[in-house]
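S.K.: coordinates only, sequence not included:
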DNA sequence: CTTTCCCTATCTTTCGATAGATAGGTCTTT
DNA sequence: AAAGACCTATCTATCGAAAGATAGGGAAAG
């Protein structure tokens, strides 16, 4: 069994999270996966297609692993705490930026399909957080709190990533509640 | 008088802020400035040199325009408010990300000199904010507040930039004080 | 008459992309 | 069940464009 398509997405995710959309090539990915660059084109015709697919793959993986905020509340868990932990794991385990945080920063230089999928990440995450805050404290101000939390987490990742030290992440996100 | 060197830095700043370190080439810059790509190499031998110079140029320009927090306090101004406004202007006027926020996100894929200058931006900004908070509320917790503020501002820029809407920036940064 | 600044011309490498071939599997038709 | 048609997934080989970089020349200024 191969599932080369997933291998390609995984390799691309790693490379984009390292240096952005322009930090991977079809040859790089082909080498890592163990096929030829022409075969990568077979699965993803253009780089734009692959970039958009990676963003969508990352969004699904990230929110899928988290579960829905309603379910977390039913299970007696704090959805906001779980959400912050998901970000911290992405930084600590992978030692890398949030893929869509990076793409969001680069968005003015990205091809249209990648822009679209990157926006989907932010919209779905803001929706998730808004629902979580609504469950906790009611609808009032939930949207603003969602924006604040997402911004603080993405920014904390940048500062920690840039300075190569995770204490800054913890110092920054301790005000989230 | 030309000052081509500054023209080059300005062009490079604009391009990096659009799509990151890999979003500009010597030819692009040469075209914009009105010279040939070989002449850009005369001023900045390698791309790494130019990238590092742009980061340093941006850091100096940003903090220089702001002034020292001690001076702002003496002039009866709130340094934190001034700092937030400086970020908002960078987003609203230029319609672009913070240059070093973008480089910070990409840092794992950047050449050493650029990494160094990007870190200088974060270190000097954290220092500035720490001094500002110390002036306002004393040393206790000033460092953490500095990290929180910088992270929130960089993250708010990413979210606003990604979704192409500045209201998210305002919603995110309203908690800064 | 050297330094500064820009030029032309060119090199090498890498990029994204395409053409055309092939081996092996699957489906369809008789 | 056999034969023919099509599909999947990969390969080799190659393209033109663009990248970063360098050598060497020339004009102007002091």
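M.R.: That came through, no problem. Quick caveat, the model's predicted, so the values are computed rather than measured.
S.K.: who in chain A is up against DNA strand D?
M.R.: A:2, A:4, A:30, A:34, A:35, A:36, A:37, A:38, A:39, A:42, A:43 (C-beta under 7 Å from any atom of the strand). Quick note: C-beta positions are derived from backbone N, CA and C, even for glycine.
S.K.: near DNA strand C, which of the residues you listed show up?
M.R.: A:37, A:38.
S.K.: now list the buried members of the residues of chain A next to DNA strand D.
M.R.: For these, a neighbour count by 16 or more other C-beta atoms under 10 Å in any protein chain shown gives the buried set as A:30, A:35, A:43.
S.K.: okay, these in JSON lines with pLDDT and secondary structure next?
M.R.: What follows is those, written out as JSON lines (pLDDT from 0 to 100; DSSP: H, G, I helix; E, B strand; the rest coil):
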{"residue": "A:30", "pLDDT": "94", "secondary structure": "helix"}
{"residue": "A:35", "pLDDT": "92", "secondary structure": "coil"}
{"residue": "A:43", "pLDDT": "94", "secondary structure": "helix"}
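S.K.: so which of those comes closest to DNA strand D?
M.R.: Lowest distance from DNA strand D to those (C-beta to the nearest atom of the strand) belongs to residue A:35, with 3.4 Å.
S.K.: which residue is the nearest non-sequential neighbour of that closest one?
M.R.: Counting by C-beta to C-beta, 6 or more residues apart in numbering or on different chains, the nearest residue to residue A:35 once its immediate chain neighbours are dropped is residue A:4, at 6.5 Å.
S.K.: cool, residue A:170 as well?
M.R.: Using C-beta to C-beta, 6+ apart, the nearest residue to residue A:170 is residue A:88, at 7.8 Å.
S.K.: still on that earlier bit, tell me which of the buried ones among the residues of chain A next to DNA strand D is nearest to residue B:133?
M.R.: Checking these against residue B:133 with C-beta to C-beta, the nearest one is residue A:30 at 50.0 Å.
S.K.: please name the nearest non-neighbouring residue to the closest one.
M.R.: Residue nearest to residue A:30 in three dimensions, not counting chain neighbours: residue A:37, with 4.3 Å by C-beta to C-beta, 6+ apart.
S.K.: buried residues, the longest helix seen in chain A. List them.
M.R.: For chain A, the helix with the greatest residue count under DSSP state H is helix A:112-137. For helix A:112-137, a neighbour-count test (16+ other C-beta under 10 Å) marks A:113-115, A:117-122, A:125-126, A:128-135 as buried.
S.K.: what packs against that helix?
M.R.: Packing partners of helix A:112-137 (3 or more C-beta pairs under 8 Å, 6 or more residues apart in numbering or on different chains; DSSP states H and E): helix A:47-66, helix A:69-74, helix A:79-92, helix A:99-105, helix A:142-163, helix B:142-163.
S.K.: tilt between it and helix B:142-163?
M.R.: 130 degrees (axes from the mean of the first three to the mean of the last three C-alpha atoms, to 10 degrees).
S.K.: ok, the residue nearest to residue A:52 when sequence neighbours are not counted - contacts?
M.R.: Excluding the flanking residues, the one nearest residue A:52 by C-beta to C-beta, 6+ apart is residue A:113, at 3.9 Å. The contact partners of residue A:113, by C-beta atoms under 8 Å, 6 or more residues apart in numbering or on different chains, come to A:48, A:49, A:51, A:52.
S.K.: among the residues you listed, name the buried ones.
M.R.: A:48, A:51, A:52.
S.K.: now these in CSV, with distance to residue A:94?
M.R.: Putting the buried ones among the contacts of residue A:113 into CSV (distance: C-beta to C-beta, whole Å) gives the following:
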residue, distance to residue A:94
A:48, 24
A:51, 19
A:52, 21
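S.K.: re the thing from before, and DNA strand C, which of the buried residues of helix A:112-137 contact it?
M.R.: Restricting these to those near DNA strand C - C-beta under 7 Å from any atom of the strand - leaves none.
S.K.: one step back: the longest helix of chain A: how far from the chain's middle?
M.R.: The chain centroid and the centroid of helix A:112-137 are separated by 11 Å under C-alpha atoms, centre = their mean, to the nearest Å.
S.K.: just give the nearest non-adjacent residue to whatever residue of chain A ends up closest to DNA strand C, would you?
M.R.: Nearest residue of chain A to DNA strand C: residue A:25, at 2.9 Å (C-beta to the nearest atom of the strand). Sequence neighbours aside, residue A:37 is the residue nearest to residue A:25 in space, at 7.9 Å (criterion: C-beta to C-beta, 6+ apart).
S.K.: how about residue A:65?
M.R.: The shortest distance from residue A:65 to any non-neighbouring residue, by C-beta to C-beta, 6+ apart, is to residue A:86 (6.9 Å).
S.K.: surely residue A:28 meets residue A:15?
M.R.: Yes. Look at residue A:28 against residue A:15 with C-beta atoms under 8 Å: they come within range, at 6.3 Å.
S.K.: contact residues of chain A facing DNA strand C?
M.R.: Counting by C-beta under 7 Å from any atom of the strand, the residues of chain A that sit close to DNA strand C are A:24, A:25, A:26, A:27, A:28, A:37, A:38, A:41, A:45, A:46, A:47, A:48.
S.K.: drop anything exposed from these.
M.R.: A:24, A:26, A:47, A:48.
S.K.: which residues does the third one contact?
M.R.: Contacts here follow C-beta under 8 Å, 6+ apart; on that basis residue A:47 touches A:26, A:111.
S.K.: with the last one instead?
M.R.: Residues counted as contacts of residue A:48 (C-beta under 8 Å, 6+ apart) are A:111, A:112, A:113, A:114.
S.K.: in chain A, which ranges drop under the pLDDT threshold?
M.R.: A:1-2 (pLDDT under 70).
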